[in-house]
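Visitor: please work out how this folds:
(one chain, ligands or ions: 2)
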Amino acid sequence: MSLERTLTIIKPDGVEQGNIGDIIQVLEKNHFKIKAAKMLQLTNSAAGGFYAVHRERSFFNDLVRYMSSGPVLILVLEAENAVSRLRDLMGATDPRKAAEGTIRKRFATSIEKNVIHGSDSAENAKIEIGYFFNALELV
Ligand code: ADP
Ligand code: MG
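Guide: Ligands and ions are numbered 1, 2, ... in the order given. Reported below is the predicted structural model:
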């Protein structure tokens, strides 16, 4: 076990649907500590930069449009094994394949509009946290 940080984004659909409170409740009940929080609307280029690893994928342009379509809530979370535990709580990318009780199963409406992002490795978590937050913004 190791104390780890990860980055989560409550995506525009999650904010618009009013799922912020429900999602934070799941995170806090599962012993994630919120170390930083920022609400903003991503520009196209900020969303594209964040998802640059997907730039060759067929869904990239739609993904950028979706992620910049409304405000998002970006959180840095800290917990034991935060990266994999958050991914478990989120559920599969496609909500039809997500396990019962997961955040995506409960709130997501499609493989694109799946309400939440979570870093996929500790290494990427560091990069993603640095993309949105400087050291002074982490408590
Ligand atoms: P995850 O968010 O589960 O790590 P990916 O990193 O593979 O998934 O994809 C990033 C985001 O791109 C997804 O969360 C989803 O919003 C969108 N996405 C992924 N695959 C598709 C797809 N086949 N069609 C449309 N959008 C997709
Ligand atoms: Mg991913």
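Visitor: report the secondary structure state of the residue sitting nearest the centre point of the chain.
Guide: For the chain, the residue nearest the mean C-alpha position is His117 (2.3 Å; CA atoms, centre = their mean). Using DSSP: H, G, I helix; E, B strand; the rest coil, the structure places His117 in strand.
Visitor: so what's it up against?
Guide: 7-9, 11 (CB atoms under 8 Å, 6 or more residues apart in numbering). Yep, even glycine has a C-beta here, placed from its N, CA and C like the rest.
Visitor: who's it bridged to?
Guide: Ile9 (DSSP bridges).
Visitor: doesn't Ser110 belong to a helix?
Guide: No: secondary structure of Ser110 (three-state DSSP): coil, not part of a helix.
Visitor: Pro95 is in contact with that one, correct?
Guide: Yes: if you go by CB atoms under 8 Å, Ser110 and Pro95 touch, sitting 7.1 Å apart.
Visitor: which residue of these two possesses the greater neighbour count?
Guide: Each of Ser110 and Pro95 has its neighbours counted (other CB atoms under 10 Å); Pro95 has more, 20 against 11.
Visitor: model confidence for that one, exactly?
Guide: We have a pLDDT of 98 for Pro95.
Visitor: burial count for the closest residue to it other than its chain neighbours?
Guide: Counting by CB to CB, 6 or more residues apart in numbering, the nearest residue to Pro95 once its immediate chain neighbours are dropped is Ala108, at 3.7 Å. Look at Ala108: counted by other CB under 10 Å, it has 27 neighbours.
Visitor: Asn81 now?
Guide: 14.
Visitor: so what's Leu75 bridging to?
Guide: Thr8, Ala37.
Visitor: ok, now how distant is it from Ser58?
Guide: 29 Å (CB to CB, to the nearest Å).
Visitor: between those two, which one's more packed in?
Guide: Ranked by neighbour count (other CB under 10 Å), Leu75 and Ser58 place Leu75 first, with 21 against 8.
Visitor: I'd guessed the more buried one sits against Thr8; true?
Guide: Yes: the pair Leu75 and Thr8 passes the contact test of CB under 8 Å, sitting 5.0 Å apart.
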